[in-house]
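Enquirer: Need coordinates for the following:
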Amino acid sequence: MINEDVLWTAEVLAASSSVAFLGEPLYHYIAREGSVTGTFDSRVAIVFDNCRRLKHFVLELFPELEKDCAAYCARACWSVILSASRGENKKRYPNVYARAMVELAEREKDISRFCASPKDLVLRILVRMRLYGLLRK
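Expert: Purely as a prediction, here's the structure:
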């Protein structure tokens, strides 16, 4: 079960008295079958809510990190918006697709700013014109 009241990584870092950068990977993410990050279903919409919560958390405690937080959330939300716009996902999860379109409209400025590659620009046009789902199954 997903605990929506916890921003674990951000809260742990904020509670730390210091953080050391070692310059080498000590953590490896393993995507489990059925995890929210490895599959697409109605649970992925939690990304939108978590980004809102993260933004408020960061702005309250670390306002100097506003741009970094906005960039992270833009990329995370853009990824979910793209997934929600794919043909099968759009059909199977219309509520997530509708939410993704609302989020795209609300986050357009940040997504345009932080997901600004030529490829992302073309994808945004296709998503906004409701054509991306026809190209991606």
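Enquirer: could you say which helix or strand contains the residue nearest the centre of the chain?
Expert: When the chain is reduced to its mean C-alpha position, the nearest residue by CA atoms, centre = their mean turns out to be residue 76, at 2.1 Å. Counting by DSSP states H and E, the secondary-structure element that holds residue 76 is helix 66-85.
Enquirer: and after that helix, which helix or strand comes next?
Expert: Under the assignment DSSP H and E, the closest C-terminal helix or strand after helix 66-85 is helix 87-92.
Enquirer: quick check: mean pLDDT across that following helix?
Expert: For helix 87-92, the mean per-residue pLDDT is 89.
Enquirer: from memory the residue nearest to the centre of the chain sits against residue 54, does it?
Expert: No - Residue 76 is not in contact with residue 54 according to CB atoms under 8 Å; the separation is 9.2 Å. C-beta here means a position set from N, CA and C on the backbone, and glycine is covered the same way.
Enquirer: how about the helix or strand containing residue 49: buried residues?
Expert: Of the helices and strands defined by DSSP H and E, residue 49 is found in helix 46-61. Neighbour-count burial for helix 46-61, with 16 or more other CB atoms under 10 Å as criterion, is recorded at 47, 48, 50, 51, 53, 54, 55, 58.
Enquirer: would TSV of those residues with pLDDT and distance to residue 25 be doable?
Expert: Output for the buried residues of helix 46-61, formatted as TSV (pLDDT from 0 to 100; distance: CB to CB, whole Å):
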residue	pLDDT	distance to residue 25
47	92	24
48	94	29
50	93	24
51	94	25
53	94	27
54	94	23
55	95	27
58	94	24
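Enquirer: Give the residue spans of the chain that score low on pLDDT.
Expert: Low-confidence segments of the chain, defined by pLDDT under 70, are located at 1-6, 29-38, 136-137.
Enquirer: run the last query once more with 80
Expert: Residue ranges of the chain with pLDDT under 80: 1-8, 27-39, 135-137.
Enquirer: residue at max distance from the center of it?
Expert: Largest centre distance within the chain, by CA atoms, centre = their mean: residue 17, 27.9 Å.
Enquirer: what secondary structure does that one sit in?
Expert: Put simply, residue 17 is coil when judged by DSSP: H, G, I helix; E, B strand; the rest coil.
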